[in-house]
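K.L.:
Whatever this is, show me its structure:
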Amino acid sequence: MQTIGIETAQNVVVQHEVASLGDRIVAYILDALVLIAWIVFLVIIVLLSMDNDPSGIAIGILAFLGLGPYLFYHLVCEITMDGQSIGKRSRKIRVARVDGGQPRIGQYLLRWVLRPIDGFYYLGLIVILVNGKGQRLGDLAAGTTVISLKPRLRLQDTLMTEVRAEHQVRFPEVVRLSDAQAALIKEVLNNYKVGNRAELLREMAEKVSQAIGNTGAGMNAEEFLRAVLQDYVHLTGQAGQPTSR
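P.N.:
Reported below is the predicted structural model:
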């Protein structure tokens, strides 16, 4: 499965898989149902208004205004919902740039403009199948793709770290952390490519010490974070089979 590195706000590069074709199809169907529901609602309003407006002028205006949300649904959703629509959010997928950055409004606009062409005889679906990078024509033109936000591994596998059978917990306060925070610590520790790794470790250690109320006196940032992660894995039972050296 093709993956793309996305840089988080903490300057950590997280690898995401390209969204599966199945997830994109389901998201498309869910979005279509939302739009159908809107049209049904609009038709009901128009029918109810017919008795009060024999000339049909108000009905025409209402229909014209009602088509706006239908036509601009995908564009507005992706701009305001960080690359997601209602269907995409339900499937935990979103639009991302192929270089890992945040898409710009112009890129969302280009995807939207080319959407009708992608829908012509299922051309977009064919391009996705041939392309192999989850890109339809709109994505190819905009330099975007659709990624999956689902964890590539189960969390217990992601947090798998070496913990001795005789491991002694130094920071019992780590139970205050969430699984997401522990996963972020793991990402920071494994991120050797970033140029300012020492500063990143220091900043992360400061945030963790504030969260658990323990500074890890006498330990450097990396030692502290590794100890915290080991204690978290040990105390939350996510170590699986403990290992020994």
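
K.L.:
I'd like the distance from stretch 217-224 to the chain centre, please.
P.N.:
Its chain's average C-alpha position is 32 Å from that of stretch 217-224, according to Cα atoms, centre = their mean, to the nearest Å.

K.L.:
start to end distance for that stretch?
P.N.:
9 Å (Cα to Cα, to the nearest Å).

K.L.:
mind listing what the residue most central in space within the chain touches?
P.N.:
With distances taken as Cα atoms, centre = their mean, the chain has residue 149 as the residue nearest its mean C-alpha position (3.9 Å). Residue 149 makes contact with 16, 92, 93, 94, according to Cβ atoms under 8 Å, 6 or more residues apart in numbering. Heads up, the C-betas are built off the backbone N, CA and C, glycines and all.

K.L.:
Among the residues you listed, find me the one that's closest to residue 133.
P.N.:
residue 16 (12.6 Å; Cβ to Cβ).

K.L.:
The nearest residue to residue 21 once chain neighbours are set aside: what's it in contact with?
P.N.:
Leaving aside its chain neighbours, residue 21 sits nearest to residue 128 (6.2 Å; criterion: Cβ to Cβ, 6 or more residues apart in numbering). Neighbouring residues of residue 128 by Cβ under 8 Å, 6+ apart: 21, 24, 134, 135, 136.

K.L.:
Next, the residue nearest to the fourth one when sequence neighbours are not counted: phi, psi?
P.N.:
Which is residue 135. In this structure, residue 135 finds its nearest non-sequential neighbour in residue 145, 5.0 Å apart by Cβ to Cβ, 6+ apart. When read as degrees, to the nearest 10, the backbone of residue 145 gives phi -150, psi -180.

K.L.:
Next, the contact list for residue 145, please.
P.N.:
Residue 145 neighbours (Cβ under 8 Å, 6+ apart): 4, 18, 19, 95, 96, 97, 98, 133, 134, 135, 139.

K.L.:
Turn the residues you listed into TSV, including pLDDT.
P.N.:
Listed next are the contacts of residue 145 as TSV, based on pLDDT from 0 to 100:
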residue	pLDDT
4	71
18	90
19	92
95	95
96	92
97	91
98	87
133	84
134	88
135	93
139	95
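
K.L.:
Helices - which of these land there?
P.N.:
residue 139 (DSSP state H).

K.L.:
of all the contacts of residue 145, which two lie farthest apart?
P.N.:
19 and 97 (14.2 Å).

K.L.:
what is the residue nearest to residue 135 paired to in the beta sheet?
P.N.:
Beta bridges link residue 145 to residue 96, judged by DSSP bridges.

K.L.:
What's the separation between residue 117 and residue 173?
P.N.:
56 Å (Cβ to Cβ, to the nearest Å).

K.L.:
Those two: who's more crowded?
P.N.:
Taking other Cβ atoms under 10 Å, residue 117 and residue 173 do not tie; residue 173 has more neighbours (17 against 13).

K.L.:
which residue packs closest to the more buried one, ignoring adjacent ones?
P.N.:
residue 212 is the one closest to residue 173 (Cβ to Cβ, 6+ apart), at 3.9 Å.

K.L.:
Provide a list of residues in contact with that neighbour.
P.N.:
With contacts defined as Cβ under 8 Å, 6+ apart, the neighbours of residue 212 are 171, 173, 174, 176, 177, 228.

K.L.:
Got the phi and psi for it?
P.N.:
phi -100, psi -10.
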